[in-house]
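Enquirer: Next come a sequence and a model predicted from it.
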Amino acid sequence: MLTKILDIVFPPQCLSCDSMVTAQGTMCQTCWQQVHFITPPFCRCCGLPFDFAMGEDALCAECIQQLPTFAQGRAALRYNEHSKGLVLKLKYADQTQLAATYGPWLARAGAELVAMSDVIIPVPLHYWRFVGRRYNQSALLAYALHKQCALPVIPDALIRLRHTAPQTGLSRRARYDNVKGAFRTNPRHSEELKGKIILLIDDVMTTSATASQCSKALLAAGAMQVNVLTLARATA
Ligand SMILES: [Zn+2]
Ligand SMILES: [Zn+2]
């Protein structure tokens, strides 16, 4: 009943553009067609999608050069002009709506990782904080996934030690330097991390730099393994 009234007052809009749709948390047909869900083939380690099949054990150029500190990375969507809006939506969509839409996407893309993990940990507040946002979009995604799989979430297991510049526009080397040593674990949760397989959650993975630094901190605190699941993955 309330939903019906709200739908009249605030007609449901496409998650990606502003056109009207039949239900909250869905996309119009045009936007659906433009969103690229990541499917194999991809790098067996970081999950970077490949344009051509390269064999089941193939690694991407970045992973060949240096393996990340996390074991496996997976993402639901390719980060591009079309999915950008969906990621930015984390700024203004309400949490229930996001959980209903993004939770299943994450659960599907990360099914293998979810099955082996003990606990979900979000990447702490992001470069986007400088725009003045006070909440953590990675934590929203962590809880969205939690609703799908019931793995526990420790929202403050990682602490960001310093402001880092936005990763956008930086060279690969500069991205690593930018986030190097930027994270540590929260001593309050150290017992809960020991020997655990952790599923690290972020909104976008550009290079594996941020995830690698978070993972390094978690492993140093005694975690057994860290895997990474993101809503979107930059491919260029
Ligand atoms: Zn649309
Ligand atoms: Zn890779």
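Expert: That came through, no problem. Ligands and ions are numbered 1, 2, ... in the order given.

Enquirer: all contacts plus neighbour counts: C-alpha atoms, from now on.
Expert: Fine.

Enquirer: you'd agree Ala142 is in a strand?
Expert: No. Looking at Ala142 with DSSP: H, G, I helix; E, B strand; the rest coil, it is helix, so not inside a strand.

Enquirer: which residues does it contact?
Expert: Neighbour list for Ala142: Ile120, Ile121, Pro122, Val153, Pro155, Ile201 [criterion: Cα atoms under 8 Å, 6 or more residues apart in numbering].

Enquirer: rerun at 10 Å
Expert: 99, 103, 106, 120-123, 136, 151-155, 199-203, 229-230 (Cα atoms under 10 Å, 6 or more residues apart in numbering).

Enquirer: likewise Pro104?
Expert: Per Cα under 10 Å, 6+ apart, neighbours of Pro104: Ala76, Leu98, Gly110, Ala111, Ala144, Leu145, Lys147, Gln148, Cys149.

Enquirer: redo that, cut-off 8 Å
Expert: Leu145, Gln148.

Enquirer: what about Ala76, how many residues close to it?
Expert: Per other Cα atoms under 10 Å, the neighbour tally for Ala76 reads 24.

Enquirer: per-residue confidence at it?
Expert: Looking at Ala76, its pLDDT reads 97.

Enquirer: so what's it up against?
Expert: By Cα under 8 Å, 6+ apart, the contact set of Ala76 is Phe37, Ile38, Trp105, Leu106, Arg108, Ala109, Gly110, Thr230, Leu231, Ala232, Arg233.

Enquirer: So which of those is the closest to Ser215?
Expert: Thr230 (13.9 Å; Cα to Cα).

Enquirer: do the strand or helix carrying Thr30 and ligand 1 meet at all?
Expert: Using DSSP states H and E, Thr30 maps to helix 29-34. Yes. On the criterion Cα under 5 Å from the ion, helix 29-34 is in touch with ligand 1 at Cys31.

Enquirer: re the thing from before, quick one: which of the contacts of Ala76 has the most company?
Expert: The contacts of Ala76, ranked by neighbours (other Cα under 10 Å): first place Arg233, 29 neighbours.
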